[in-house]
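Chemist: Dropping the sequence and predicted coords here.
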Amino acid sequence: MSIDKVPSLQLMTARAASRLELNPCKIYRDCRGMIYNQSAYPIHEAAKYNDSEWLQNAIPNWDYKELEGSIAFNAKNKDQKTPLHIATEKGNIEAMKVILEKKAPVNAQECYLDRTPLHIAVKRGDHRAIQLLLEKGANVNAKEFFGTTPLHIAAKRGNDQAIQLLLDNGANVNDKNSYNQTPLEIAFEWGNHQAIQLLLKNDDQNIHNALNTAFLSRDCDSLKLLLEKKANVNITDIRIETPLHIAVKGRDHHAIQLLLDNGANVNDSDICKQTPLHIAVHRDDLETIQLLLGKKADVNITDIRIETPLHIAVRRDDRTVIQWLLEKGANVNAKNSRGQTPHDIAAIEGNLEAMELLEKRA
């Protein structure tokens, strides 16, 4: 078998050369094109197999000037990874220690995703590697291709120990990824309760934005934490939806009650001028309708089509909801943007019982 086909044999050859006091640099220089084409230099193989003895003994004998500025440490294989990336991926702590002692660049980034060794260690949940890299000066706030920091990764994975290590070393809880998400919002999205609590202790700036995420994840325990931290219950997202809009869409009655008890505005409108009451009527959700009306929701408020909740209920032919709205003072003569009253809609739809109910209130 040809040595140029097996990177591990290349490593063995380099090891033998160092023990025989040959010039590993010359072997490297003569073979580096061949070795690179086979995806790895000998030092990458040493990192992969945790060969700290070879790394320790052979490297000092290499002529770094001849190796073009310590290229052994900076060299990237076909996957664009340095030896430190590889040692970290494999959890090879001893190899990592030797490589770092030799002043390898601790913040080297892969060419494809821009991941640093710290990103990799956090993704693996390797606390020893995380601690070692941080001690050697790893940038705790380094961002990979999608703007993800190590703290984002730890928050997604719910790794409380990694989160604490990163926070203790200055991780920025306010950093946002390319999707405009902070680590706290990521933790909410993935429902990682312990991570949420840790991040909340260090982050008052983003609790308001995280509130909508808490509702999307239907995480009532985390919601309570945010409300205890005085999060703004009426904050809006890009669609001008409040947490109450989101809770009503999800038919989350417990969350709806929690928001109403904490001062949520029942008459706030979204981008389509819909209030939570409009949405609840669209969903035939009588329990939510009763909750909202109990908190003085405006029964005659109009949406972007100038329709009241009664227009919507009649179109859906929900007689129970129609009755509730009428009892709370819904205007049977209100006209939408087409000049139609609820009775007109009932007639068009052929909803005879709805017409009868409306005629009694006319």
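Modeler: Looks like it arrived, so ask away. Nothing here was measured: the structure is a model prediction, and the numbers come from that model. Numbering: from 1, shown residues only.
Chemist: Where does pLDDT dip in the protein?
Modeler: Within the chain, the stretches with pLDDT under 70 are 1-41, 58-72, 203-206, 209, 212-219.
Chemist: rerun that using 50 as the cut-off
Modeler: Applying pLDDT under 50 to the chain flags the ranges 1-7, 9, 16, 19-38, 61-71.
Chemist: And the helices in the stretch 101-250 of the chain?
Modeler: 117-124, 127-135, 150-157, 160-168, 183-189, 193-202, 207-216, 220-228, 243-249 (DSSP state H, counting those that start in this stretch).
Chemist: Out of the ones you listed, flag the one nearest L100.
Modeler: Among those, the nearest to L100 by Cβ to Cβ is helix 127-135 (7.1 Å). (C-beta placed from N, C-alpha, C; glycine too.)
Chemist: ok, and for stretch 95-114, which residues are buried?
Modeler: Burial within stretch 95-114, assessed by neighbour count using 16 or more other Cβ atoms under 10 Å, is assigned to 95-100, 102, 104-106, 108-110, 114.
Chemist: contacting residues for P150?
Modeler: Contacts of P150 were listed using Cβ atoms under 8 Å, 6 or more residues apart in numbering, and they are L118, H119, A121, V122, I130, V140, N141, A142, A162, L166, A171.
Chemist: contacting residues around N177?
Modeler: K143, F146, G147, T148, T149, H152, I186.
Chemist: That one - nearest residue in space that isn't next to it in sequence?
Modeler: Leaving aside its chain neighbours, N177 sits nearest to G147 (3.9 Å; criterion: Cβ to Cβ, 6 or more residues apart in numbering).
Chemist: Go ahead and confirm that neighbour touches T182.
Modeler: No. When contacts are counted by Cβ atoms under 8 Å, G147 is not listed as touching T182 (10.9 Å).
Chemist: between those two, who's got more neighbours?
Modeler: T182 (26 against 15; other Cβ atoms under 10 Å).
Chemist: measure that one to T149 for me?
Modeler: Counting by Cβ to Cβ, to the nearest Å, the gap from T182 to T149 is 10 Å.
Chemist: joint contacts of the two?
Modeler: D175.
Chemist: Need the helices of the stretch 101-250 of the chain in JSON lines (columns: distance to A347).
Modeler: As requested, the helices of the stretch 101-250 of the chain are exported to JSON lines (distance: least, Cβ to Cβ, whole Å):
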{"stretch": "helix 117-124", "distance to A347": "62"}
{"stretch": "helix 127-135", "distance to A347": "69"}
{"stretch": "helix 150-157", "distance to A347": "54"}
{"stretch": "helix 160-168", "distance to A347": "61"}
{"stretch": "helix 183-189", "distance to A347": "47"}
{"stretch": "helix 193-202", "distance to A347": "52"}
{"stretch": "helix 207-216", "distance to A347": "39"}
{"stretch": "helix 220-228", "distance to A347": "43"}
{"stretch": "helix 243-249", "distance to A347": "29"}
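Chemist: Which of the ones you listed sits closest to L325?
Modeler: For L325, the closest of those is helix 243-249, at 15.8 Å, according to Cβ to Cβ.
Chemist: and that closest one, how far from the chain's centre?
Modeler: Helix 243-249 sits 21 Å away from the centroid of its parent chain (Cα atoms, centre = their mean, to the nearest Å).
Chemist: CA atoms of the helix or strand just after it as CSV?
Modeler: Using DSSP states H and E, the helix or strand that follows helix 243-249 in sequence is helix 253-261. In CSV, the C-alpha atoms belonging to helix 253-261 read as follows (Å, rounded to 0.1, in the frame of the first residue of the first chain):
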residue,chain,number,x,y,z
HIS,A,253,-56.5,29.9,27.8
HIS,A,254,-54.1,29.7,30.7
ALA,A,255,-51.7,32.2,29.1
ILE,A,256,-54.5,34.4,28.0
GLN,A,257,-55.7,34.7,31.6
LEU,A,258,-52.2,35.3,32.8
LEU,A,259,-51.7,38.1,30.4
LEU,A,260,-55.1,39.7,31.2
ASP,A,261,-54.3,39.5,34.9
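Chemist: tilt between helix 253-261 and helix 220-228?
Modeler: 10 degrees (axes from the mean of the first three to the mean of the last three Cα atoms, to 10 degrees).
Chemist: So which residue is smack in the middle of the chain?
Modeler: For the chain, the residue nearest the mean C-alpha position is I186 (3.3 Å; Cα atoms, centre = their mean).
Chemist: Nice, that's everything, thank you.
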